[in-house]
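In: task: produce atomic coordinates for the following.
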Amino acid sequence: MATRDRFGRRLIQLYAGLTLYGTSSALLVRSGLGLEPWGVLHQGLARLTGLTIGVVSIIVGAAVLLLWIPLRQRPGLGTVSNVFLVGIAMDGTLALSPEVHSLAIRLPLLLAGIVLNGVATGLYISARFGPGPRDGLMTGLHRRTGRSIRSMRTAIEVAVVATGFVLGGTAGIGTLLYAVSIGPLAQLFLRVFDVPPASGGSTVVADGQPRRAILRP
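Out: Next up is the predicted model:
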């Protein structure tokens, strides 16, 4: 019974975290003060293609997941759920929320988006159902190249921000604030939402994501 309760809690954390991640990303979009690194790329591609940013997020997530094949990464339930749920939650939140123009509203939206993103990261990673596709790309490159996770993450995110910015994505003070604060926030909420692993283990999900590999589903 304890194992079943733990599994149920993990599932709730996973889907609550992914939904909240999409919602928090939408708040960053509404703030207009800068998106998280991958969000800059998604917004730039959305403006280029005419697709919604959530749909672009799904497409990019699926494309990144294909890169796992040569890296011999194993996806989990959380990985596949991440690809779809974050984009759906983002588009849903944007559809229900109006555009804002006052800085007095945009700044709180930015701060709320960053903090909630940290909460979401703690929730879904602590659920232990496998890394997001972008995190898995970083850890896979880390294992194949021998480079540190920090250097892999930095190289990838600099590349996606630069590409997204050229395509018209919003990079600004919010992007910088996100970069310096999401690590401490995520580590805090990883401790808050941690679910101790069961002794048996599971053959259905991929477990054991390195916690240093966060910060993007």
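
In: Pro75 is in contact with Leu66, isn't it?
Out: No: between Pro75 and Leu66 there is no contact under C-beta atoms under 8 Å: 10.8 Å. Backbone N, C-alpha and C define where each C-beta goes, glycine included.

In: between these two, point out the one with more neighbours.
Out: Set Pro75 next to Leu66 and count neighbours by other C-beta atoms under 10 Å: Pro75 wins out with 20 against 9.

In: gap between the more buried one and Gly22?
Out: Using C-beta to C-beta, to the nearest Å, one obtains 19 Å as the distance from Pro75 to Gly22.

In: just how off-centre is stretch 155-174 within its chain?
Out: Distance of stretch 155-174 from its chain centroid, counting by C-alpha atoms, centre = their mean, to the nearest Å, is 15 Å.

In: and that stretch, what's buried?
Out: 156-157, 160-161, 164-165, 167, 169-171, 174 (16 or more other C-beta atoms under 10 Å).

In: do the same with stretch 108-116
Out: Quick answer for stretch 108-116 (16+ other C-beta under 10 Å): 109-116.

In: cool, stretch 50-62 as well?
Out: Buried, per 16+ other C-beta under 10 Å, within stretch 50-62: 51-61.

In: redo the buried residues of stretch 155-174 as CSV? Include distance to Ala89.
Out: CSV is the format used below for the buried residues of stretch 155-174 (distance: C-beta to C-beta, whole Å):
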residue, distance to Ala89
Ile156, 23
Glu157, 22
Val160, 20
Val161, 22
Gly164, 20
Phe165, 24
Leu167, 23
Gly169, 19
Thr170, 19
Ala171, 22
Gly174, 19
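
In: out of the residues you listed, list just those in helices.
Out: Taking DSSP state H as the definition of helices, the buried residues of stretch 155-174 contribute 156-157, 160-161, 164-165, 174.

In: now do the contacts for the nearest residue to Val166 once chain neighbours are set aside.
Out: Distances taken as C-beta to C-beta, 6 or more residues apart in numbering place Gly44 nearest to Val166, at 7.1 Å, with adjacent residues excluded. Contacts for Gly44 were tallied using C-beta atoms under 8 Å, 6 or more residues apart in numbering; they are 163-169.

In: look up which helix or strand Gly44 falls in, please.
Out: helix 37-49 (DSSP states H and E).

In: show me what counts as buried in that helix.
Out: 37-47.

In: which of the helices and strands in the chain ranks last by mean pLDDT?
Out: Ranked by mean pLDDT, DSSP states H and E, the weakest helix or strand in the chain is helix 133-145, scoring a mean of 89.

In: by residue count, which helix of the protein is the longest?
Out: Per DSSP H, the chain has its longest helix at helix 2-31.
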